[in-house]
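Novice: coordinates for the following, if possible.
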Amino acid sequence: MTILKKIRSWISSLAIAFVLSLIIGIFLFQPYKVDGHSMDPTLRDNQRVYVSKLSHTFSYFPKYGDIVIIDSRVDRDRDFMDDVMDNPLFQLILNKDDNYFYVKRVIGKPGDVLELKEHILYRNGIPLDEPYVKEAMNESDEEKWVVPDKHIFVMGDNRNNSEDSRAIGYIPLNHVIGTKVL
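Specialist: Take a look at the predicted model:
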């Protein structure tokens, strides 16, 4: 009888730990691994970052310059099940590939006009001071973007080696998974 009680106690403890881990990972805090060099020199390939998911949970915009984790699949809607299945526990169990998560920096918010002129990025007519950028952009064509409502514009710090909003488009607010804290 005591062995069954111990087994039940272990199972209930594991179940509680699993549920708490899911809740924390879905709503509050989650680790991610940087994959690639698009954020050089700020973040390195394979570096671990820890992300506050409060902006995602409560649907508020990150600040300019924040480093965010985004779901790059902007052509589809995200729902709660995406948040559940993107939890590290389920990714481990299902051996799921998460190559659609990108680590980028917030450059524009709704209504911002972003312009690239002579290798310099402007937001609302003011040149951005970006000491974190690895090198000047190679692009020579002048480009202009107007960030739509409920979206952000992101770029990597290694602008010449970054698949960001210039390539994938504007990022819907619900595709911003979280903001880097560590």
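
Novice: quick one: least confident helix or strand in the chain?
Specialist: Using mean pLDDT, DSSP states H and E, helix 88-94 stands out as the lowest-scoring helix or strand of the chain, at a mean of 69.

Novice: now the residue most central in space within the chain: phi and psi?
Specialist: Geometric centre of the chain, nearest residue: residue 69, 0.9 Å, by C-alpha atoms, centre = their mean. Backbone torsions of residue 69, given as degrees, to the nearest 10, read phi -100, psi 130.

Novice: again, but for residue 54
Specialist: phi -60, psi -40.

Novice: contacts only, for it.
Specialist: By C-beta atoms under 8 Å, 6 or more residues apart in numbering, the residues touching residue 54 are 27, 28, 60, 178, 179. C-beta here means a position set from N, CA and C on the backbone, and glycine is covered the same way.

Novice: switch to 7 Å and redo it
Specialist: By C-beta atoms under 7 Å, 6 or more residues apart in numbering, residue 54 lies in contact with residue 28.

Novice: next one: the one 5 residues further on
Specialist: Residue 59 sits next to residue 173 when contact means C-beta under 7 Å, 6+ apart.

Novice: quick one: the residue nearest to the centre of the chain and residue 125, what's the gap?
Specialist: Distance, residue 69 to residue 125, by C-beta to C-beta, to the nearest Å: 30 Å.

Novice: now do residue 139
Specialist: Taking C-beta to C-beta, one finds residue 139 at 19 Å from residue 125.
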